[in-house]
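> Need coordinates for the below:
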Amino acid sequence: MERSLYSASHSSIVIQKKDGSEFEHTSFENSVYEYDFVSKLEDAKVVSIKQGVTLDSLPEEYKNVVSVVGTNNTSKHVLFRSGVFTLTSGKDIESKDKNSILIHSDLAKKNHLKVGDTICLNSHTYTIKGIFEGKKHETYTGLSSDLSENTVFVDYHSLNSNLVNKMTVFSRDKTTFKQVQSLYPSSEYVVSKDTNAYQSSLESVQSMKHMIQILSFSIIGCGLVVLSLVLVLWLRDRIHEIGILLSIGKSKMEIIFQFIFELIFISIPLGIVVCVISLVFNQVSSFLLSYGLLMSIIIVSVLIASLMIMIKKPREILSKLS
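As a prediction, this is how the structure comes out:
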C-alpha cells in the first residue's frame, strides 16, 4: 500500500509561480488546472463563522463572498485526492463541463439547495453538479471566503481564461518532468512532485502496518508454542522408535531431519491447494512467503520438542522403555 500510494502521489508534477501569482498554462495531456479567486454570492447566503474575527468596516464588495476554485477535474484536485473533501452527492467536475459548480453541504443546507439547482456568482449562473463535505486548513482573516463551508469549485471552461495559479500534470514518464522544467524555468517557477496526498494517507497506512506486524508476530508465536506442545506428545509416543534408531547407529541429526521431512510431507497436500488459489488471485509471492514461514515454524518446533529427548543417550532412552 505504501508503494502504491507513493507511486500514485509522485506521478503528479505541480507548477506554481514563486510569488504565487497567476500564469498562462501550457497544454499537457492529463493535466489539471487550478485558478483561485473570490466571488460574491448573489442569490444565497454564505455560512457565517460562529467564533472568530469579524470586520465591522468591511466594504460591501467583500461581504457574502465565497472562495472559488476553477478546475477542469475535481476528482484529481489535491483536496479530494487526499480525502479532505469528499463528494457526498452528484458527480465530479470534468473537462467537458460548462457552467457547473460543486458546493459544500453546509452551504447547500443553509440555502436549501440540492443537485440540479442553480446558484449565481458575480452575475454568472452555475448549475450545482455535486455537493461535498469536509474541513480544510483555514486561516481566518475576517472574510467569509476563508471558511471551508464557503469554498466552491467551478469548471475551468466557464472562466474563459488561460490563466492558472497552479497546474498539475499527471505522468509517470521521467521525460515529462524534464519537459515541464524546460518550459517553466526555476528562476520564476517552482516545479515539484506533489506529495500532499501521500503524506496525508501515510499515517493511517503506517498504523495499519503496525497492527499487521503485531498480528503476524502473535500468529508466529502461537504457532511455535502450539506445534511444539503437540510434537512433544507426538515424540513421546515414538520414544521406542527413537531409542532403536539411536542404538543402530543413526545420528540425532538424521532423526531430527526425518521428523522435519515427515511434517513437511504432511503439509504438501494443503500447500498444493493454497498454491492453486494463489495462482488464481495472482498472489504467488504471498504464498511463497507464508509457506516458507510455515517451514521455519516446523523446523524450530521440531528442534524445541526434540531437545529433551536428544540430550539423552540411547541407553537411557531404552532403559526407560523397560
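> Which helix or which strand is home to K250?
K250 is located outside every helix and strand, with elements delineated by DSSP states H and E.
> ok, now how distant is it from E241?
For K250, the distance to E241 equals 10 Å [CB to CB, to the nearest Å]. Bear in mind the C-beta positions are built from the backbone N, C-alpha and C, glycine included.
> How about S306?
S306 is 13 Å from E241, by CB to CB.
> more crowded one of the two?
Per other CB atoms under 10 Å, whichever of S306 and E241 has more neighbours is S306, with 20 against 12.
> With adjacent residues omitted, what lies nearest to the more buried one?
Computed as CB to CB, 6 or more residues apart in numbering, the closest residue to S306 that is not its neighbour in sequence is I256, at 5.5 Å.
> pretty sure the one you found contacts L303?
Yes. Contact criterion CB atoms under 8 Å: I256 and L303 qualify, at 7.0 Å.
> Can you give the contact residues for stretch 116-132?
Stretch 116-132 is contacted from outside by 39-44, 66, 68, 74, 80, 85-93, 97, 99-105, 108, 111, 113-115, 152, 154, 158, using CB atoms under 8 Å, 6 or more residues apart in numbering.
> who touches the strand or helix carrying V152?
According to DSSP H and E, V152 maps onto strand 151-155. Strand 151-155 is contacted from outside by 66-72, 74, 77, 93-94, 97-104, 107, 121, 126, 136, 145, using CB under 8 Å, 6+ apart.
> For it, which strands pair with it and how are they oriented?
strand 65-71 (parallel), strand 100-104 (antiparallel) (DSSP bridges).
> For this structure, which helix extends over the most residues?
For the chain, the helix with the greatest residue count under DSSP state H is helix 196-237.
> In terms of secondary structure, what does that helix contact?
helix 2-9, helix 78-81, helix 284-310 (3 or more CB pairs under 8 Å, 6 or more residues apart in numbering; DSSP states H and E).
> sec struct for Y140, please.
Here Y140 is coil, with the state taken from DSSP: H, G, I helix; E, B strand; the rest coil.
> what's near enough to touch the nearest residue to V66 once chain neighbours are set aside?
Nearest non-adjacent residue to V66, counting by CB to CB, 6+ apart: N150, 4.5 Å away. Neighbouring residues of N150 by CB under 8 Å, 6+ apart: L41, V46, V47, V65, V66, S67, H104, L107, S144.
> what about N150, distance to S82?
Distance from N150 to S82, counting by CB to CB: 20 Å.
> Kindly report the same for E254.
Distance from E254 to S82, counting by CB to CB: 60 Å.
> For the longest helix of the chain, what is the distance to the chain centroid?
In terms of CA atoms, centre = their mean, to the nearest Å, the centre of helix 196-237 is set 22 Å apart from its chain centre.
> Between helix 284-310 and the helix or strand following that helix, find me the angle.
Note on helix 196-237: by DSSP H and E, the next helix or strand toward the C-terminus is helix 239-247. Taking axes from the mean of the first three to the mean of the last three CA atoms, to 10 degrees, one finds helix 239-247 and helix 284-310 inclined to each other by 80 degrees.
> what helices or strands is helix 239-247 leaning on?
Judged by 3+ CB pairs under 8 Å, 6+ apart, the packing partners of helix 239-247 are helix 252-280, helix 314-321.
> residues of stretch 118-136 that come out buried?
For stretch 118-136, burial by neighbour count (16 or more other CB atoms under 10 Å) applies to I119, L121, Y126, I128, K129, G130, I131, F132, G134.
> Single out the most deeply packed of the strands paired with strand 151-155.
With neighbours taken as mean count of other CB atoms under 10 Å, those reach their highest mean count in strand 100-104, at a mean of 25.
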